[in-house]
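Participant: Sequence first, predicted model second:
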2 protein chains.
Amino acid sequence: MAKNLMLAVAQVGGIDSSESKPEVVARLIALLEEAASQGAELVVFPELTLTTFFPRTWFEEGDFEGYFEKSMPNDDVRPLFERAKDLGVGFYLGYAELTSDQKRYNTSILVNKHGDIVGKYRKMHLPGHADNREGLPNQHLEKKYFLEGDLGFGVFDFHGVQVGMCLCNDRRWPEVYRSLSLQGAELVVLGYNTPDFVPGWQEEPHAKMFTHLLSLQAGAYQNSVFVAAAGKSGFEDGHHMIGGSAVVAPSGEILAKAAGEGDEVVVVKADIDMGRPYKESVFDFAAHRRPDAYGIIAERKGRGAPLPVAFNVND
Amino acid sequence: MAKNLMLAVAQVGGIDSSESKPEVVARLIALLEEAASQGAELVVFPELTLTTFFPRTWFEEGDFEGYFEKSMPNDDVRPLFERAKDLGVGFYLGYAELTSDQKRYNTSILVNKHGDIVGKYRKMHLPGHADNREGLPNQHLEKKYFLEGDLGFGVFDFHGVQVGMCLCNDRRWPEVYRSLSLQGAELVVLGYNTPDFVPGWQEEPHAKMFTHLLSLQAGAYQNSVFVAAAGKSGFEDGHHMIGGSAVVAPSGEILAKAAGEGDEVVVVKADIDMGRPYKESVFDFAAHRRPDAYGIIAERKGRGAPLPVAFNVND
């Protein structure tokens, strides 16, 4: 019997600073309901879904607490949990987390169809910088506001489908998909906020969409998994972020993609077993991988000198 | 001062079994001369360049020695070395290697502008199978004819440019580019033979070209390196292989690609420093990578059970 999952990505258009969390949650519920009406079983929301992408702005200590969630679900977010449970739909949600011991993380959770939080992830690859660069059109202060994730790359059961999570910049790092795939992931879900301008990142504007999709497609193909990515997109407080929320198949091909940059739902029937023939042939890891030669990946952090290679031309 | 390298990929059309090695080498010299006339400094030839892609056929022991080279350069290949040295052009060449102690590898070498072999690579990711599957249109017997490479992923200096090598199926494995990039590679060169049909590999025919290019592009982008790939392409003994020899920039974008499936040279002026802004921002490995969490990549070979993740919803 085919193992199908009705999979939705819920792109969320820009959220201005003036918008309250209950207003945002009402938008998320509308997207959830639209997805459910198309049969969705799992809805992927973006990264830092509940507010504007505040890491673009320098705030002094004490001025940014409002962007963080001290518990989940809390009163603002509970209506989303309750509506999803009523509809029997699970979801992935990214938000800014403040722990009881005052640690801050860029976090996502996986909620099953019964409303239970069955998985949690804290962003491992924080982009940007921690220092104030006031002269720039916008900053990218994730290294100021968040600690690096401390939960590793987890794979969680979602009603029989093995799901891995990551967040935004993580999707550009092949180690992420590989670590999840080695644990049996069949689907990788992620949220993102990708501004047109990132300090120091010399990329042509058109390449933002290209490298976003390239990263999703390579991760899906090279690991024989589905990838579902939802962005917070369009204009926020005058700053523009790319759209392109998408579902990619284990073939690496895009199955569906948001057409615009606003609130938009895309639903795909994902035949989870589609990854199997890849896993049993070209990407049969047990047959083909060479972990004996991959040590440098886990041992070295930055670029360094070449390792010596002892070879004779004819030996 | 810009660090430019005039970089050529020399695609080689099909080589029938009836063609002798001196005939093949004459074709390679013609490609080399054409590349040199366009200013090329480094010419990338395919995998197993000197013969038909013999791993598609089952041969009994003793019947396949003729496909292997016992020394390099040998009498058949020396004219290529000599012409390249005369022209002051370096090259990458893939061939089947038989060592003095009777070991067989799928090998490539890097030859500098003075005709010296300055780097050697033995294919680490051997695709296919070792058993006889006679009923198939063609087989894929690399695991029969070759030992897995034992030289690791080496980076070699080519007149000031740091060059990593790989071969064919290696290009689909992100560990390859990453291992090379962590050693300072600026350019990854590779040859390939990609048949339309591979046993057990359930890929749509159109996807062969797509996943070939996807793998090159992702490897280039995620590691801020140039990638230059040359295929043996078109029909060989009635079997078809894809073309698509290409040069990809550190942006992930294709700079040039062969138009056909026959003997064809593509030359690109590669601004090697183009990778630098990526290496200093989004892909600043020293700032952003998390080797503390990548252990599974080097510790686990095949897919396995999820690692436990200890999380509290609110902690």
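Facilitator: Okay, I see it. Here the structure is a predicted model, which is why all the values come from computation and not from measurement. Numbering: from 1, shown residues only, chains lettered A, B, ... in the order given.

Participant: Give me the pLDDT value at residue A:197.
Facilitator: The confidence metric pLDDT takes the value 77 at residue A:197.

Participant: Go ahead and confirm it touches residue A:138.
Facilitator: Yes: in this structure, residue A:197 is within contact of residue A:138 by C-beta atoms under 8 Å, at 6.1 Å. Quick note: C-beta positions are derived from backbone N, CA and C, even for glycine.

Participant: just checking, what packs against the lengthiest helix in chain A?
Facilitator: Determined from DSSP state H, the single longest helix within chain A is helix A:205-223. Judged by 3 or more C-beta pairs under 8 Å, 6 or more residues apart in numbering or on different chains; DSSP states H and E, helix A:205-223 is in contact with helix A:174-181, strand A:187-192, strand A:226-236, strand A:246-248, strand A:254-257, helix B:205-223.

Participant: Out of these, flag the one nearest residue A:142.
Facilitator: Closest of the helices and strands packed on helix A:205-223 to residue A:142 is strand A:187-192, at 12.1 Å (criterion: C-beta to C-beta).

Participant: Pick the most buried one from the helices and strands packed on helix A:205-223.
Facilitator: strand A:187-192 (a mean of 29; mean count of other C-beta atoms under 10 Å in any protein chain shown).

Participant: For residue A:262, give its distance to residue A:24.
Facilitator: Here residue A:262 is placed at a distance of 14 Å from residue A:24 (C-beta to C-beta, to the nearest Å).

Participant: same deal with residue A:32?
Facilitator: Residue A:32 sits 13 Å away from residue A:24 when distances are taken as C-beta to C-beta.

Participant: thinking again about what came up before, and the longest helix of chain A, how far out from the chain middle?
Facilitator: The chain centroid and the centroid of helix A:205-223 are separated by 13 Å under C-alpha atoms, centre = their mean, to the nearest Å.

Participant: quick one, that helix and helix A:174-181 angle?
Facilitator: Here helix A:205-223 points in a direction 30 degrees away from that of helix A:174-181 (axes from the mean of the first three to the mean of the last three C-alpha atoms, to 10 degrees).

Participant: pLDDT averaged over helix A:205-223, what's the number?
Facilitator: The average pLDDT within helix A:205-223 is 95.

Participant: Hey, what's the angle from that helix to strand A:226-236? Just curious.
Facilitator: Counting by the same axes, to 10 degrees, helix A:205-223 points 160 degrees away from the direction of strand A:226-236.

Participant: Buried residues in stretch A:303-315, which are they?
Facilitator: For stretch A:303-315, the neighbour count (16 or more other C-beta atoms under 10 Å in any protein chain shown) marks A:303, A:306, A:311, A:314 as buried.

Participant: again, but for stretch A:261-269
Facilitator: Counting neighbours by 16+ other C-beta under 10 Å, one finds that the buried residues in stretch A:261-269 are A:261, A:263-268.

Participant: Same check on stretch A:96-103?
Facilitator: Quick answer for stretch A:96-103 (16+ other C-beta under 10 Å): A:96-99.

Participant: which of those residues are close to chain B?
Facilitator: residue A:99 (C-beta under 8 Å from any C-beta of the partner chain).

Participant: Any chance of CSV for the buried residues of stretch A:96-103, columns distance to residue B:49?
Facilitator: Below are these laid out as CSV (distance: C-beta to C-beta, whole Å):
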residue, distance to residue B:49
A:96, 54
A:97, 55
A:98, 59
A:99, 58
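
Participant: Looking at the buried residues of stretch A:261-269, spot the one nearest chain B.
Facilitator: Distance to chain B, by C-beta to the nearest C-beta, is smallest for residue A:268 among the buried residues of stretch A:261-269, at 17.8 Å.

Participant: quick one, what contacts that closest one?
Facilitator: Listed by C-beta atoms under 8 Å, 6 or more residues apart in numbering or on different chains, the contact set of residue A:268 reads A:6-8, A:228, A:247, A:255-256.

Participant: Tabulate those residues in JSON lines, adding columns for pLDDT.
Facilitator: Shown next, in JSON lines, are the contacts of residue A:268 (pLDDT from 0 to 100):
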{"residue": "A:6", "pLDDT": "98"}
{"residue": "A:7", "pLDDT": "98"}
{"residue": "A:8", "pLDDT": "98"}
{"residue": "A:228", "pLDDT": "99"}
{"residue": "A:247", "pLDDT": "98"}
{"residue": "A:255", "pLDDT": "98"}
{"residue": "A:256", "pLDDT": "98"}
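
Participant: quick one: which of these is nearest to chain B?
Facilitator: residue A:255 (13.4 Å).

Participant: Surely that closest one and residue A:248 touch.
Facilitator: Yes: Residue A:255 lies in contact with residue A:248 (C-beta under 8 Å); the separation is 6.7 Å.

Participant: The buried residues of stretch A:261-269 in strands, which ones?
Facilitator: When strands are assigned by DSSP state E, the members of the buried residues of stretch A:261-269 inside them are A:264-268.

Participant: List the contacts of the residue nearest the centre of chain A.
Facilitator: Centroid-nearest residue in chain A: residue A:190, 2.1 Å away (criterion: C-alpha atoms, centre = their mean). By C-beta under 8 Å, 6+ apart, the contact set of residue A:190 is A:44, A:47, A:92, A:108, A:165-168, A:170-171, A:227-230.

Participant: out of these, who has the most neighbours?
Facilitator: residue A:230 (32 neighbours; other C-beta atoms under 10 Å in any protein chain shown).

Participant: The residue nearest to residue A:193 when sequence neighbours are not counted: neighbour count?
Facilitator: Sequence neighbours aside, residue A:53 is the residue nearest to residue A:193 in space, at 4.3 Å (criterion: C-beta to C-beta, 6 or more residues apart in numbering or on different chains). By the criterion of other C-beta under 10 Å, residue A:53 has 25 neighbours.

Participant: And residue A:87, by the same measure?
Facilitator: Residue A:87: 18 neighbours (other C-beta under 10 Å).

Participant: I'd assumed residue A:33 was in contact with it.
Facilitator: Yes: here residue A:87 reaches residue A:33: they are 7.1 Å apart, a contact under C-beta under 8 Å.
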